[in-house]
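Trainee: Below is the sequence, then the predicted model.
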Amino acid sequence: MVKTLPENQEQKTSKYKLTVKQKNWLISAHVASMGIWFGTAICMVAIALYNLNTTNGDQLYAINLVMKLLDDFIIIPAATASLITGALLSWLTTWGFVKYYWVITKWIATISLITFGTFWLGPWLNAVTSLSEDLRLKALENPLYMFNDRGIIIGGIIQTVSLLIIITISFLKPWGKRKPVVNKT
């Protein structure tokens, strides 16, 4: 049988304790990395939408290369930093990994976005960059290029909206604390 702990009993989340200053620095790093990820994602969607009207093959390749560089050197490190700082905040604060519904939601969403970016958006972006480098403007006649390009736009919009929702959840902290359960022995 399972029973809940009384409200005044906290489950210990970590043997390590951050000072207020350390916690604030860690939160700042987390918010900054998420902001960089979000801001770059917005820029990439805008660039991808602009790229729909490209009439020059060199420009098509250059725009795709810029998006690839933004992904490789800004999005990936920012997403990784967000994941690491989020893990440290969960581990080293009373928030924990699964004590609050809003933290659980952020974990699921963040890991889902990183997975989607790693296995779909990134490869699609690499493919359009490679195809536009080889084919230039003729890439717009290639069905694989067009499929990947649309995937980048639609996936990028979904990812950007999802990041905005995650940021909103971070500030509002909706959905209270989960009731801890202990096994009755």
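Mentor: Here it is on my side, so go on.
Trainee: Any stretches of the protein with poor pLDDT?
Mentor: The model of the chain has pLDDT under 70 over residues 1-15, 185.
Trainee: could you pull out the strands for it?
Mentor: Counting by DSSP state E, the chain has strands at residues 2-4, 181-183.
Trainee: what sits against the nearest residue to residue 172 once chain neighbours are set aside?
Mentor: Once flanking residues are discounted, residue 172 sits nearest to residue 102: 7.8 Å by Cβ to Cβ, 6 or more residues apart in numbering. C-beta here means a position set from N, CA and C on the backbone, and glycine is covered the same way. Neighbour list for residue 102: 169, 170, 172, 173, 174, 175 [criterion: Cβ atoms under 8 Å, 6 or more residues apart in numbering].
Trainee: how far away is the closest residue to residue 149 other than its chain neighbours from residue 92?
Mentor: Counting by Cβ to Cβ, 6+ apart, the nearest residue to residue 149 once its immediate chain neighbours are dropped is residue 128, at 5.4 Å. Distance, residue 128 to residue 92, using Cβ to Cβ, to the nearest Å: 40 Å.
Trainee: residue contacts, the closest residue in space to residue 126 that isn't next to it in sequence?
Mentor: Take residue 126 and drop its neighbours on the chain: the residue closest to it by Cβ to Cβ, 6+ apart is residue 68, 6.6 Å away. When contacts are counted by Cβ under 8 Å, 6+ apart, residue 68 touches 125, 126, 129.
Trainee: What is the neighbour count of the second one?
Mentor: Right, residue 126. Around residue 126 there are 15 other residues, counting by other Cβ atoms under 10 Å.
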